[in-house]
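Engineer: 3D, please:
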Amino acid sequence: MSTFVLENGENGWWELVDNTCYNRVGGRHEYYPQDKDVFAEANDWDELDYSYLIKPDSEYGWVSPDGHFYGCRYADHSLMAKMYFKKSERQLENEGWVKIFRDSYDRKPTWMSDKLMITEAQRITLEGKGLQVDPDVCELTVPVQGGANG
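Structural biologist: Predicted coordinates for the structure are as follows:
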């Protein structure tokens, strides 16, 4: 059993050994306690709670086929897919999830979906976030059962 610390309650899990923090890929730094630190005992990184990745107020994230928005930091889509949903980005996309990300040209939020097919619930969520859904380009479809959590 190892001790892990989620620094400041949001900056990622680190394994705490003596007074040093180690991340999953070997990075390390000296540990300085903070008031908002969260501690967990676990046998493995996969046992940890990754709900800290969900940022409801973010402009970026994933929209499930049933229209539920899972916000994340603009560069955390892959991390959220892997650690929170236990799937790859491609798997989420294949299951009908919509990715809201920052456009590299104008630096504003935009969205993409596999095969340009979205559900009515996703359309409502996207438009509610101020994103345009062009019916001449995008086909509305019936949601698949299950999704990433089901």
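
Engineer: quick one: low-confidence parts of the protein?
Structural biologist: Where the chain drops to pLDDT under 70, the residues are 104-108, 110, 113-115, 136-150.

Engineer: where does L16 land in three-state SS?
Structural biologist: strand (DSSP: H, G, I helix; E, B strand; the rest coil).

Engineer: ok now do the spatially most central residue of the chain, which residues does it touch?
Structural biologist: Geometric centre of the chain, nearest residue: M80, 3.1 Å, by C-alpha atoms, centre = their mean. By C-beta atoms under 8 Å, 6 or more residues apart in numbering, the contact set of M80 is 50, 53-54, 61-62, 70, 72. C-betas here are computed from N, CA, C, even on glycine.

Engineer: Nearest to E10 among the residues you listed?
Structural biologist: When these are compared for distance to E10 (C-beta to C-beta), L53 wins out at 8.7 Å.

Engineer: need the contact list for that closest one.
Structural biologist: If you count contacts by C-beta under 8 Å, 6+ apart, then L53 has 72-73, 76, 79-80, 83-84 around it.

Engineer: Repeat the analysis, applying 6 Å as the threshold.
Structural biologist: Neighbouring residues of L53 by C-beta atoms under 6 Å, 6 or more residues apart in numbering: 72, 76, 80, 84.

Engineer: now do K99
Structural biologist: 77, 112.

Engineer: try 10 Å
Structural biologist: 60-63, 72, 77, 81, 89, 92-93, 110-114 (C-beta atoms under 10 Å, 6 or more residues apart in numbering).

Engineer: Most neighbours of all these, which one?
Structural biologist: V63 (27 neighbours; other C-beta atoms under 10 Å).
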